[in-house]
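# show me how the following folds:
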Amino acid sequence: MGDVPSSRSAAVRTYHDGTKHHFQAYARSLGYLDWASQPNPFRSFAGARSLLLPPAPGAVGSGSPVGSILRAALGLTAWKAFGQSRWSLRANPSSGNLHPTEAYVVAASYESGGRSTVCHYAADRHSLEERCVFEASLPDDVILVALTSIHWRESWKYGERAFRYCQHDLGHAIAAVAVAASLDGWRTVLLADWSRDDIARLVGSDRDEDYVDAEREEPACVLALTPGAPPVIDRSSLLEAVGHGEWHGRANQLSVNHVQWTFIDQIAEATGIVPIARPALPSTSRTAEPRYDRSLVLTRRSAVAFDGHSTLPASRFFEILRHTLPADSPLFDTIWWTPRIHFAVFVHRVDGLEPGLYLFERDASSGERLRRGLGRDFDVMPVTDSLPLFGLAQGDCRRVAQRVSCDQEIAANGFFSLGMIAEFDASLDEFGPSFYRHLFWEAGFVGQILYLEAERAGARATGIGCFYDDPVHDILGLAAHAFQSLYHFTIGVPVEDGRLTTRHGYDWEPI
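Prediction:
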């Protein structure tokens, strides 16, 4: 038994190294897009009762915030079209717009009788599919949102690296739920004590009879939403009640043909959520006026190109960075661990700041370890007394930023781009192999804040999952696995594609 954690840790490092992009070769994938097997972007459960959510006409539960929260967190925000092609956009971004994340709501039933329900959120219809009705009375002021991931949706395009992108997307979704809940005055807490098996039992993803021929969902996490202090959930009693509930619905098949990526199966097993030493939930949460409004959240977009000449004032650049710090954003109370993600920032066009390479530390102790681990002879200098931002090297870094981001021009044409550098070994040693997922969740969570901060600044952002891993480490002189780059991001003024037409997300609610 003592060898199990070490073998899982070895599997994490084997997967992480095995899915790195190199100048000479990308991580393993099919190498082309098999359009005949493109996954359906929407999961549904045939035979489950469908409950339209507010603000849809005739929707049930108008007194509950569930509808408005899901709309602003995970709902459709627009439909784009070009020629005969048509695709949807959502409030939560996704790698390749493939959306592997599925959401389930566990709450008191809209109908009387002291019963509760487990419902799947159908984003295409903005409705709840009633999967389970069970005899238990959940408080009206507690809503559980469970998230799962369908790996095939990402691996169809990205192959073995897709597990990383699924975790990015989960982090974006967690932040999106937290932001949307704050718009209704509710708080969000990621429950730390739910195992992989617990979540599967809660949402029914372990029910073989409901997934005949359908792609399975990997359990991820459970979020508790409440207008007050974090709730105490009797997990055992809840799961027992759900186990004796009335289940309905069969999952649809997303693709007829599949490619089996066993490397992803192995890392999912190695990082399956298991009990680890985690801090207790805080008894109180900070409150603050929402920084983002509903209109901004629903009009957020991922940029596809930047103009390459616009600039950003240094004061606004500092503001964007500041709001990725937990001390300056109550939204970070959603996640329970101290920050493990820092930024290596390539500054291109920020007025009042020299172009060059900078380091932004999101946690003092972890950031200091990163600074000590820099293996190059940088002239490390504080930039401002108000932020943990340090200059490393001055000069035009557009070419190198583009090169390490898989040669994508968008990394060079914005105000700045950045690599999210995670404290890797120490985090896994402290919390175990399952924390590998959490590192990517934090990266996605921070990315969602960057998206919204960019919109607030009148600009636009995009996440970059494709980058050359070890060349990024070489730039900083990082050795071994103490710190690893997990995600890239860039912000600038977008160049819109005038060929595309845009329609609102739902027929009943124009944007």
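
# can you give me how far the helix or strand hosting residue 180 is from the chain middle?
Element membership for residue 180, per DSSP states H and E: helix 162-183. Averaging C-alpha positions (Cα atoms, centre = their mean, to the nearest Å) puts helix 162-183 3 Å from its chain's average.

# after the one helix or strand residue 102 maps to comes which helix or strand?
For residue 102, the element it lies in under DSSP H and E is strand 101-108. The C-terminal neighbour of strand 101-108 among helices and strands, as given by DSSP H and E, is strand 116-122.

# list the buried residues in stretch 326-337.
For stretch 326-337, the neighbour count (16 or more other Cβ atoms under 10 Å) marks 326, 329-335, 337 as buried. Using the backbone N, CA and C atoms, a C-beta is placed for each residue, glycine as well.

# in a markdown table, list those along with secondary structure and distance to residue 504.
Shown next, in a markdown table, are those (DSSP: H, G, I helix; E, B strand; the rest coil; distance: Cβ to Cβ, whole Å):
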| residue | secondary structure | distance to residue 504 |
| --- | --- | --- |
| 326 | helix | 35 |
| 329 | coil | 30 |
| 330 | helix | 31 |
| 331 | helix | 27 |
| 332 | helix | 32 |
| 333 | helix | 33 |
| 334 | helix | 29 |
| 335 | coil | 32 |
| 337 | coil | 38 |
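
# could I get those residues as a markdown table with pLDDT and distance to residue 11?
As requested, these are exported to a markdown table (pLDDT from 0 to 100; distance: Cβ to Cβ, whole Å):
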| residue | pLDDT | distance to residue 11 |
| --- | --- | --- |
| 326 | 94 | 30 |
| 329 | 89 | 34 |
| 330 | 91 | 36 |
| 331 | 94 | 32 |
| 332 | 95 | 29 |
| 333 | 93 | 32 |
| 334 | 94 | 28 |
| 335 | 94 | 24 |
| 337 | 94 | 21 |
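
# nearest to residue 22 among those residues?
Residue 22 lies nearest to residue 337 out of these, by Cβ to Cβ, at 30.3 Å.

# isn't the closest one right up against residue 431?
Yes - under the criterion of Cβ atoms under 8 Å, residue 337 makes contact with residue 431 at 7.5 Å.

# just want the angle from the helix holding residue 180 to strand 101-108.
Put simply, helix 162-183 runs at 40 degrees to strand 101-108, going by axes from the mean of the first three to the mean of the last three Cα atoms, to 10 degrees.

# any idea which helix or strand comes after helix 162-183?
In N-to-C order, the element after helix 162-183 by DSSP H and E is strand 187-190.

# please name every helix or strand in contact with that next one.
Counting by 3 or more Cβ pairs under 8 Å, 6 or more residues apart in numbering; DSSP states H and E, the packing neighbours recorded for strand 187-190 are helix 162-183, strand 218-226.

# show me where pLDDT drops low in the stretch 201-350 of the chain?
Applying pLDDT under 70 to the stretch 201-350 of the chain picks out residues 274-288.

# again, 50 this time
When residues are selected by pLDDT under 50, those of the stretch 201-350 of the chain lie in 283.

# ditto for the chain
1-3, 283.

# that one - how does it break down into domains?
3-39+68-270, 302-492 (automatic domain parsing).

# so for residue 55, which of these sits nearest?
domain 3-39+68-270 (7.4 Å).

# chain center to the closest one, what's the gap?
11 Å.

# and for stretch 457-464?
16 Å.

# so what touches that stretch?
With contact meaning Cβ atoms under 8 Å, 6 or more residues apart in numbering, stretch 457-464 is reached by 93, 95, 168, 172, 301-304, 306, 310, 312, 316, 319-320, 405-406, 408, 410-411, 415, 417, 444, 447, 450-451, 453-455, 487-494.

# residue 307 against residue 412, yeah?
No - the criterion here is Cβ under 8 Å, and residue 307 misses it with residue 412 at 11.9 Å.

# which of those two has more neighbours?
Comparing residue 307 with residue 412 by other Cβ atoms under 10 Å, the one with more neighbours is residue 412, at 23 against 11.

# what residues are up against that one?
Contact analysis of residue 412 by Cβ under 8 Å, 6+ apart lists 308, 348, 398-399, 401-402.

# follow-up on the earlier one: now render the buried residues of stretch 326-337 as a markdown table, adding distance to residue 6.
Shown next, in a markdown table, are the buried residues of stretch 326-337 (distance: Cβ to Cβ, whole Å):
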| residue | distance to residue 6 |
| --- | --- |
| 326 | 31 |
| 329 | 36 |
| 330 | 38 |
| 331 | 35 |
| 332 | 31 |
| 333 | 33 |
| 334 | 31 |
| 335 | 26 |
| 337 | 22 |
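
# skipping adjacent residues, who's closest to residue 332 in space?
Excluding the flanking residues, the one nearest residue 332 by Cβ to Cβ, 6 or more residues apart in numbering is residue 326, at 3.7 Å.

# residue 336 is in contact with the one you found, correct?
No - counting by Cβ under 8 Å, residue 326 stays clear of residue 336, with 11.2 Å between them.

# list only buried entries from the contacts of stretch 457-464.
With burial judged by 16+ other Cβ under 10 Å, the buried subset of these is 93, 95, 168, 172, 301, 303, 306, 312, 316, 320, 405-406, 408, 410-411, 415, 417, 444, 447, 450-451, 453-455, 487-494.

# out of those residues, which are inside helices?
Among the buried ones among the contacts of stretch 457-464, DSSP state H puts 168, 172, 316, 320, 444, 447, 450-451, 453-455 in helices.

# Serialize the residues you listed to a markdown table and add fields for distance to residue 259.
Shown next, in a markdown table, are these (distance: Cβ to Cβ, whole Å):
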| residue | distance to residue 259 |
| --- | --- |
| 168 | 21 |
| 172 | 25 |
| 316 | 44 |
| 320 | 39 |
| 444 | 25 |
| 447 | 27 |
| 450 | 32 |
| 451 | 31 |
| 453 | 37 |
| 454 | 35 |
| 455 | 36 |
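
# residues in contact with residue 339?
Residues near residue 339 by Cβ under 8 Å, 6+ apart: 325-326, 332, 362-363, 366, 442.

# please tell me how far the residue sitting furthest away from the middle of the chain sits from residue 244.
Of all residues in the chain, residue 113 has its C-alpha farthest from the mean position, at 36.2 Å, by Cα atoms, centre = their mean. As for residue 113, its distance to residue 244 is 16 Å (criterion: Cβ to Cβ, to the nearest Å).

# ok, so of the contacts of residue 412, who is nearest residue 222?
Nearest to residue 222 among the contacts of residue 412, with distances taken as Cβ to Cβ, is residue 401, at 37.5 Å.

# and the helices in this structure, which stretches?
3-18, 66-74, 151-158, 162-183, 196-203, 235-243, 262-270, 294-298, 314-322, 364-373, 398-404, 425-431, 435-456, 469-476.

# most packed of the ones you listed?
helix 162-183 (a mean of 27; mean count of other Cβ atoms under 10 Å).

# and the angle from that one to helix 66-74?
Relative orientation of helix 162-183 versus helix 66-74 (the same axes, to 10 degrees): 140 degrees.

# and helix 162-183, C-alpha only, in PDB?
Extracted in PDB, the C-alpha atoms of helix 162-183 (Å, rounded to 0.1, in the frame of the first residue of the first chain):
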ATOM      1  CA  ALA A 162      -6.200  17.000 -23.800                       C
ATOM      2  CA  PHE A 163      -6.300  16.000 -20.100                       C
ATOM      3  CA  ARG A 164      -4.500  19.300 -19.300                       C
ATOM      4  CA  TYR A 165      -7.000  21.300 -21.300                       C
ATOM      5  CA  CYS A 166      -9.900  19.600 -19.600                       C
ATOM      6  CA  GLN A 167      -8.500  20.800 -16.300                       C
ATOM      7  CA  HIS A 168      -7.900  24.300 -17.600                       C
ATOM      8  CA  ASP A 169     -11.600  24.400 -18.600                       C
ATOM      9  CA  LEU A 170     -12.700  23.200 -15.200                       C
ATOM     10  CA  GLY A 171     -10.800  26.000 -13.600                       C
ATOM     11  CA  HIS A 172     -12.500  28.500 -15.900                       C
ATOM     12  CA  ALA A 173     -15.900  27.000 -15.000                       C
ATOM     13  CA  ILE A 174     -15.200  27.100 -11.300                       C
ATOM     14  CA  ALA A 175     -14.400  30.800 -11.600                       C
ATOM     15  CA  ALA A 176     -17.300  31.500 -13.900                       C
ATOM     16  CA  VAL A 177     -19.700  30.000 -11.300                       C
ATOM     17  CA  ALA A 178     -18.100  32.000  -8.500                       C
ATOM     18  CA  VAL A 179     -18.400  35.300 -10.600                       C
ATOM     19  CA  ALA A 180     -22.000  34.500 -11.600                       C
ATOM     20  CA  ALA A 181     -23.000  33.700  -8.100                       C
ATOM     21  CA  SER A 182     -21.600  36.900  -6.800                       C
ATOM     22  CA  LEU A 183     -23.800  38.800  -9.200                       C
END
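
# that concludes my questions; thank you for your assistance.
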